[in-house]
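Trainee: pasting a predicted model and its sequence here:
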Amino acid sequence: MTYPATTGEFSAASGPDPHHERSAVIDLEAIRHNVRRLAAAASPAKVMAVVKADAYGHGAVPVARAALQAGASWLGVAHISEALALRAAGIDAPLLAWLHTADSNFGAAVAAGVDIGCSGWELERIVAAAREQERPARIHLKVDTGLGRNGATPEAWDRLVGEAVEYQDQGLLRVVGIFSHLAVADEPERPETDEQVAAFREALAIAEDAGVDPEVRHLANTPATLSRPDTHFDMVRVGLGIYGLSPFDGTTSAELGLRPAMTLRTLVSQCKEVPAGQGVSYGLHYRTREASTLALIPLGYADGVPRVATGGPVRVAGKTYPVVGRIAMDQMVIDLGAEASGAALQGAEAELFGNGADGGPTVDEWARAAGTINYEVVTRISPRVPRRFINEDESAGSGQAMAGAPSKAGAA
Ligand SMILES: Cc1ncc(COP(=O)(O)O)c(C=O)c1O
């Protein structure tokens with residue numbers, strides 16, 4: 001799924017900018033900055049920008065373009081359908097899709113020059129597609145080194161490699177890559193990563209002995225890219241980091257030199273003065289302690305804000321307030337307290353999270369409030385929230401550092 005991009009100014013004749021009511025503002029200069037930061041950490045290994053799930057909710061096509069501008073040389077997605085959408089948008093960079101079902105369209109992948117991850121069962125399907133398309137398939141053999149998801153088991157690896165080599169000799173495919181995925185790289189002190197690296201090296205040796213000469217061997221995700229150079233091999237596959245978020249508990253984006261790229265913001269829908277004891281939202285689980293002003297924030301779980309995240313932060317007029325009462329489908333409430341100025345905040349900018357650079361609310365705080373991880377918070381922001389892309393032009397440039405701070409630019 002892709003989202004409409006807004007770049008131009010709306011004229012009075014066309015009515016109010018719909019992105020102004022509520023939007024997820026995506027700072028493409030932040031994406032480029034993060035890709036450069038990760039590329040420096042990975043060097044000399046190449047960078048695959050992981051843009052599955054609509055680039056973790058950020059918008060696959062604009063993010064893919066920005067990542068390629070900033071030095072990523074590959075793109076990665078889960079589904080072939082996601083890869084085909086990128087091709088349809090004119091993106092012709094090397095592109096890998098790794099999660100398939102019996103109904104996946106391998107023929108379309110081969111025809112579009114999409115690289116296909118292969119854990120075993122897919123091989124015959126891929127070869128059939130190559131015959132049908134009269135074009136060799138490009139595949140990356142995947143070995144399960146311990147995560148227990150897809151990938152061939154070590155016991156099945158020899159056979160898979162042998163069969164792939166036979167098909168390669170027949171000109172039906174090319175083994176472009178060999179890869180695996182890490183289970184605990186976000187906890188660098190755990191020993192299982194060492195075991196996975198050793199298993200990956202063993203699988204590579206078996207493949208090389210069988211005559212496979214892959215262009216790219218790849219294992220590392222964002223946390224491994226940042227903490228384990230021994231996992232880099234020829235290429236790293238980075239997702240979370242390019243969105244500027246930290247994969248490590250207790251380490252901030254800023255500490256890693258990353259800039260969160262998404263700002264989720266809207267306008268205060270209504271402010272009203274209520275007496276002490278006013279119940280708020282379904283279930284009446286919150287009551288005002290004193291006469292105060294309640295501000296209605298028009299975002300809810302239909303927009304992807306987790307329903308369980310009561311207490312999540314919302315910044316209005318420079319001050320951050322926790323959400324009180326239940327988050328509903330379309331809306332949530334903050335209690336501005338007894339301040340007389342409260343009613344004046346109707347129509348004010350409300351920010352749920354942004355780049356955090358000026359002490360504003362962050363994705364990580366929402367993840368804590370919801371009992372989940374930052375990956376999930378951004379990925380679930382729903383299609384009902386228009387994406388607005390800023391700093392699309394590369395010349396908006398690295399020199400501007402935070403000049404494109406989405407919390408401000410997005411409010412324009
Ligand atoms: C196979 C694979 N590689 C790389 C990534 C990127 O991981 P991260 O977002 O931690 O960088 C993912 C994401 O889950 C993945 O599934």
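Mentor: Okay, I see it.
Trainee: excluding residues flanking it in the chain, which one is nearest the closest residue to the ligand within the stretch 201-350 of the chain?
Mentor: Residue nearest to the ligand within the stretch 201-350 of the chain: residue 239 (2.7 Å; CB to the nearest ligand atom). All C-beta spots, glycine's among them, are computed from the backbone N, C-alpha and C. What sits nearest to residue 239 in space, not counting adjacent residues and going by CB to CB, 6 or more residues apart in numbering, is residue 50, at 3.5 Å.
Trainee: ok, now which ones touch that neighbour?
Mentor: With contacts taken as CB atoms under 8 Å, 6 or more residues apart in numbering, residue 50 has the following neighbours: 75-77, 221, 237-239, 242.
Trainee: one more pass at 10 Å, please.
Mentor: By CB atoms under 10 Å, 6 or more residues apart in numbering, the contact list for residue 50 reads 56, 63, 67, 72, 74-78, 96, 98, 221-222, 236-243.
Trainee: take these and keep only those in strands.
Mentor: 74-77, 96, 236-238 (DSSP state E).
Trainee: tabulate those residues (CSV), appending distance to residue 302 and neighbour count.
Mentor: Shown next, in CSV, are the ones in strands among the contacts of residue 50 (distance: CB to CB, whole Å; neighbours: other CB atoms under 10 Å):
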residue, distance to residue 302, neighbour count
74, 35, 22
75, 30, 29
76, 29, 26
77, 26, 25
96, 33, 27
236, 35, 29
237, 32, 24
238, 30, 30
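Trainee: farthest-separated two in those residues?
Mentor: Within the ones in strands among the contacts of residue 50, 77 and 236 form the most distant pair, 15.9 Å apart (CB to CB).
Trainee: for this structure, what lies in contact range of the ligand?
Mentor: 50, 98, 181, 221-222, 237-241, 247 (CB under 6 Å from any ligand atom).
Trainee: which ones are touching the residue of the stretch 251-400 of the chain found nearest the ligand?
Mentor: Scanning the stretch 251-400 of the chain for the residue nearest the ligand gives residue 375, at 6.5 Å (criterion: CB to the nearest ligand atom). Neighbouring residues of residue 375 by CB under 10 Å, 6+ apart: 53, 56-57, 222, 239-240, 243, 245, 247, 363, 367.
Trainee: again with residue 254
Mentor: Contacts for residue 254 (CB under 10 Å, 6+ apart) come out as 244, 246, 260, 355-357, 362.
Trainee: show the buried residues in those.
Mentor: Neighbour counting with 16 or more other CB atoms under 10 Å marks 244, 246, 260, 355-356, 362 as buried within the contacts of residue 254.
Trainee: any chance of the ones in strands among the contacts of residue 50 in JSON lines, plus pLDDT?
Mentor: Listed next are the ones in strands among the contacts of residue 50 as JSON lines, based on pLDDT from 0 to 100:
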{"residue": "74", "pLDDT": "98"}
{"residue": "75", "pLDDT": "99"}
{"residue": "76", "pLDDT": "99"}
{"residue": "77", "pLDDT": "98"}
{"residue": "96", "pLDDT": "98"}
{"residue": "236", "pLDDT": "98"}
{"residue": "237", "pLDDT": "98"}
{"residue": "238", "pLDDT": "98"}
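Trainee: which of these lies closest to residue 126?
Mentor: residue 96 (13.0 Å).
Trainee: now do the closest residue in space to the closest one that isn't next to it in sequence against residue 218, distance only.
Mentor: Nearest non-adjacent residue to residue 96, counting by CB to CB, 6+ apart: residue 115, 4.3 Å away. Applying CB to CB, to the nearest Å, the value for residue 115 to residue 218 is 11 Å.
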